[in-house]
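J.: this one's sequence-less:
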């Protein structure tokens, strides 16, 4: 029978005295190690960021390989952590959902859920960010692309020019950039199952608002160049 080494602090068994010694050393010098790692990370923050940017593919491969190798251990640890910190986790999730990024991720998830059986491409955070950027380039300020009035963060919704309920009629990928716009919640609900062309046939005055919004931005840009 092999001799077993037992840690008196944690009631753990080790096969060698070396393992027991390293375990005790790490436990005794925990604060010292943490302070060293924190100082090291603070000093080398910029270098670490640069390395992550330049080695995205290597990181992804490593994380994928690591998650496959240690799947059971990761699942057990995450379940244990979630069980011990349920309230903390729920609080963080709620805080994240109220942030701008959290709202974007939620919009993407909602759209994907509605189109899960329709053979459409998956909508992600990057695509929605591009939609916001294009809107800003065109109008200078976040603007509703149905009524062409200024948008505020609380009242933004994602609109499909060709609606989800009419996918069988048009047979196209509804999650493509060309089919996605941002709009007021109330405008989006009023548009309902209409296409963009049908919407402007019903409300032709909104096209005049579009011209005004574009003119305002052009005038503002001209003033900036004059300065």
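T.: Here it is on my side, so go on. Since this is a predicted model, take the numbers as computed values, not measurements. Numbering: from 1, shown residues only.
J.: which intervals of this structure have sub-threshold pLDDT?
T.: Along the chain, the model assigns pLDDT under 70 to residues 1-15, 116-119, 224-227.
J.: again, only using 80
T.: Where the chain drops to pLDDT under 80, the residues are 1-21, 23-24, 100, 107, 110-121, 153-154, 167-168, 170-172, 219-227.
J.: residues in contact with the helix ranked longest in it?
T.: Under DSSP state H, the helix in the chain containing the largest number of residues is helix 205-226. With contacts defined as C-beta atoms under 8 Å, 6 or more residues apart in numbering, helix 205-226 is touched by 138, 139, 140, 141, 143, 146, 147, 148, 149, 199, 200. Just so you know, the C-beta spots here come from the backbone N, C-alpha and C atoms, and that holds for glycine as well.
J.: Just give the closest residue to the third one, not the sequence neighbours.
T.: The one in question is residue 140. residue 217 (4.0 Å; C-beta to C-beta, 6 or more residues apart in numbering).
J.: measure the residue sitting nearest the centre point of the chain to residue 166 for me?
T.: By C-alpha atoms, centre = their mean, the chain has its centre lying nearest to residue 105, at 4.4 Å. According to C-beta to C-beta, to the nearest Å, residue 105 and residue 166 sit 26 Å apart.
J.: Quickly list the domain ranges of the chain.
T.: As assigned by automatic domain parsing, the chain contains the domains 1-42, 100-226.
J.: I'd like to know which of the ones you listed is closest to residue 76.
T.: Of all the domains of the chain, domain 1-42 sits nearest to residue 76, with 16.6 Å by C-beta to C-beta.
J.: which stretches of this structure form strands?
T.: 5-7, 12-14, 156-160, 180-184 (DSSP state E).
J.: Quick one: work out the angle between the third one and strand 180-184.
T.: Translated: strand 156-160. With axes from the mean of the first three to the mean of the last three C-alpha atoms, to 10 degrees applied, the angle from strand 156-160 to strand 180-184 works out at 140 degrees.
J.: can you name the two of the contacts of helix 205-226 that are farthest apart?
T.: 140 and 199 (23.0 Å).
J.: ok, these two, which is more surrounded?
T.: Neighbours per residue, other C-beta atoms under 10 Å: of residue 140 and residue 199, the larger number sits with residue 199, 19 against 15.
J.: Give me the spatial nearest neighbour of the more buried one, chain neighbours excluded.
T.: Nearest one to residue 199, counting by C-beta to C-beta, 6+ apart, is residue 191 at 5.2 Å.
J.: Tell me which residues touch the one you found, please.
T.: Counted by C-beta under 8 Å, 6+ apart, residue 191 has contacts 146, 159, 163, 183, 199.
J.: neighbours around the fourth one, how many?
T.: By that I understand residue 183. Residue 183, neighbours per other C-beta under 10 Å, totals 23.
J.: any idea how far residue 196 is from it?
T.: 10 Å.
J.: ok, now residue 87?
T.: In terms of C-beta to C-beta, residue 87 sits 45 Å off from residue 196.
J.: Of these two, which one has the most company?
T.: residue 196 (17 against 8).
J.: what's that one in contact with, if anything?
T.: 161, 162, 181.
J.: Dihedrals phi and psi, the nearest residue to the last one once chain neighbours are set aside?
T.: Right, residue 181. Nearest residue to residue 181, sequence neighbours excluded (C-beta to C-beta, 6+ apart): residue 145, at 4.1 Å. Dihedral pair for residue 145: phi -90, psi 20, per degrees, to the nearest 10.
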